[in-house]
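Q: quick check, what structure comes out for this input:
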Amino acid sequence: MTTDGNQAVTLILGIETSCDETAASVVENGRVVRSNVVASQDALHERYGGVVPEIASRAHIERIGPVIDDALRIAGVEFNQLDAIAVGNRPGLIGSLLVGVSAAKAMAWSAGKPLIGIDHVRAHLYAASLLDGSGSPVTLRENAPNEPETQYPALGLVVSGGHTSLYELDAPTELRLIGRTIDDAVGEAYDKAAVILQLGYPGGPKLDLLAQTGDANAYKLPRSLLNKQSLDFSFSGLKTALLYTVRGYPKRRGDESYFEKSADELTDRQRRDMAASFQAAAIDALIIKLRRAHDQMAGGGRKPESLIIGGGVSANSLLRQRVVELGGELGLCVHLPRMAYCLDNAAMIAGLADHEFRLGHFDDLSLPAVATISS
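A: Alright, predicted model coming up:
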């Protein structure tokens, strides 16, 4: 910990390699992002229509050193000035995680710095607390639009390609899982819908853009809510309903199944309307469950003060619009990450690690890479 005048300053290096982004970042005092370097692998995986784990892990090995060097250089920080090394060690692709965890361990050991393992999913909820160079987060509230601090208790939603999870939060490091997807994550459903509509890769952003020019009421697609009290999610039925809308119901010919129609036959208008109808159904399901979670917390005497959204799908235009509207209706301070911190990044890892650092929560060199999510 260094000092700036009379003020203590912490500088933490974060490393993130849970999937196909090789990322490193230096964050000051848990919020001010001094650098945020992300090496994307989209070009490597595009031909396969999704992430290939072996390709991802090999690319991480090639890129991890230069990405860390760039993060330190851009931040204007020497290695010996760092207070700790943080790494996303769970959950994710095991081969990818091992690259980041191994690099973090080597750096912590060689410099005698504390090592801090961070849950990647929980870090997504911290991304909305990060400040960019202007010192201004995206924080929205109808009667206090510039309020920078998250108020607790809070309700959090992580929406990404691998996760759709609801949390109650009492602090950045005190979270309780209250709902999760029972099948596809919403980001995965978006990617599969983009494949069905032949939109290309990465599918989520392409579908969002196309949906903005379509009629969301053109096709009736399901909103799976499970039972009346459930806070869990299900998106596999929505994905299947879109498939049948595009290609018709499967038919049998002998021992084989086949579709009578193809996405090649869609007009531009139909494709836009199907994208908009899919997006409306997916976002409706998220908003309904957020409202349900809010009501259950409030009914239990823990009305949330804030609503926090994180993960790659938090960049979705309709979701951002709808959660701001929901926050205004329920009197919640809505915290959304800047676009740079929606997708996988290391700033969220370093930022959350600052809280663990101040609590004295460190890991040793036995820190494992863990593919599965913690509760």
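
Q: can you pull the pLDDT of Y201?
A: Predicted confidence (pLDDT) for Y201: 84.

Q: sorry, slip of the keys, the one I care about is P250.
A: For P250, pLDDT reads 87.

Q: what are the bridge partners for the closest residue to it other than its chain neighbours, then?
A: Closest residue to P250 apart from its sequence neighbours, by Cβ to Cβ, 6 or more residues apart in numbering: S257 at 4.6 Å. Bear in mind the C-beta positions are built from the backbone N, C-alpha and C, glycine included. For S257, the beta-bridge partners are R252 (DSSP bridges).

Q: quick one: S257 and K251 touch, right?
A: Yes. With contact defined as Cβ atoms under 8 Å, S257 counts as touching K251 (7.0 Å).

Q: and I94, how many neighbours?
A: Other residues within reach of I94, judged by other Cβ atoms under 10 Å, total 15.

Q: list the residues that contact it.
A: A369, A371 (Cβ atoms under 8 Å, 6 or more residues apart in numbering).

Q: with G204 instead?
A: Counting by Cβ under 8 Å, 6+ apart, G204 touches G161, G187, Y190, D191, A194, G312, V313, N316.

Q: quick one, strands of the stretch 1-150 of the chain?
A: In the stretch 1-150 of the chain, the segments counted as strands under DSSP state E, counting those that start in this stretch are 2-4, 7-9, 11-16, 21-28, 32-40, 84-90, 115-119, 139-140.

Q: what's the answer for the stretch 251-375 of the chain, then?
A: For the stretch 251-375 of the chain, the strands defined by DSSP E, counting those that start in this stretch occupy 251-253, 256-258, 306-310, 333-335.

Q: any idea of the mean pLDDT for stretch 175-189?
A: Mean pLDDT, stretch 175-189: 96.

Q: low pLDDT regions in the stretch 51-200 of the chain?
A: By pLDDT under 70, the weakly predicted segments of the stretch 51-200 of the chain are 133-148.

Q: do you have the helices of the stretch 1-150 of the chain handy? List them.
A: Assigned by DSSP state H, counting those that start in this stretch, the helices in the stretch 1-150 of the chain fall at 42-45, 53-75, 94-111, 120-126.

Q: nearest to A280, out of those?
A: Smallest distance to A280 across the helices of the stretch 1-150 of the chain (Cβ to Cβ): 23.7 Å, for helix 120-126.

Q: could you export the closest one as CSV, CA atoms only?
A: Output in CSV follows, covering the C-alpha atoms of helix 120-126 (Å, rounded to 0.1, in the frame of the first residue of the first chain):
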residue,chain,number,x,y,z
HIS,A,120,-15.7,-14.5,-11.9
VAL,A,121,-19.5,-14.4,-11.7
ARG,A,122,-19.6,-12.4,-8.5
ALA,A,123,-17.0,-10.0,-10.0
HIS,A,124,-19.5,-9.2,-12.7
LEU,A,125,-21.7,-7.6,-10.1
TYR,A,126,-18.8,-5.4,-9.0
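
Q: got the contact list for it?
A: 16, 18, 88, 90-92, 156, 158, 160, 163, 165, 167, 169, 172, 175, 308, 310-311, 314, 337, 344, 348-349, 351-352, 373.

Q: cheers, nothing more for now.
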